[in-house]
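Novice: Got a predicted model here, sequence first, then my questions.
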Amino acid sequence: MADRHSRHYSLEEATDELPWVVEQLVEMREARELLTDEDVREALSAGIPGNGGGGPGKHLGEAFNRLQAAIGAFQDREIVLRDLDRGLVDFPAIRDEREVYLCWVEGEDEIAYWHDLDAGFAGRQEL
C-alpha cells in the first residue's frame, strides 16, 4: 500500500517544527480576524461603488494573501493543520513500519501522541 505522504517526520524533526507551527497559527488567526472583521467588511461594502473598497479592500486582499501563504507553507512542509482554533496539527510519520500521524495540540508541552491516519484526534495514543 502506498503512503499518503511523501514526507515523514521523526519525533525530533516534528518537535523542531513546533516554533514555526506556532508562528504560523498566530499569523493565520490574525489574517482570519481581518477577513471576518465586520467593520472592515462594512467599510469595503461602502467603498465599492467608488474605488473598489480602497484601503479596506487592500487590507482584506493582504489578509487573504497572508492566510493563503500560510496554508501553502503547511502544505509545502506536509504538516497537516486540522483545526486552526485549537491549534491541532498532525505530522506524517512512520511507526512500526506503517504511516501514522504524530499529533500535537497548541498548549501541549511536547508531541506526546500519535494516531492512525484515519483515527483522528479521538484515536490518539501516547508515544
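Specialist: Yep, it's here.

Novice: which residue is nearest the centroid of the chain?
Specialist: Geometric centre of the chain, nearest residue: Leu81, 3.8 Å, by Cα atoms, centre = their mean.

Novice: so how far is Gly72 from it?
Specialist: 11 Å (Cβ to Cβ, to the nearest Å). (Glycine included, C-beta is placed from N, CA and C.)

Novice: swap in Glu30?
Specialist: Applying Cβ to Cβ to Glu30 and Gly72 gives a distance of 17 Å.

Novice: Just name the shakiest helix or strand of the protein by mean pLDDT.
Specialist: Sorting the helices and strands of the chain by mean pLDDT, DSSP states H and E puts helix 38-51 at the bottom, at a mean of 56.

Novice: which secondary structure elements does the biggest helix by length in the chain contact?
Specialist: In the chain, with assignment by DSSP state H, the single longest helix is helix 11-36. Helices and strands touching helix 11-36, by 3 or more Cβ pairs under 8 Å, 6 or more residues apart in numbering; DSSP states H and E, are helix 54-77, strand 88-95, strand 98-105.

Novice: ok so, going back, host element of the residue nearest to the centre of the chain?
Specialist: Using DSSP states H and E, Leu81 sits within strand 80-83.
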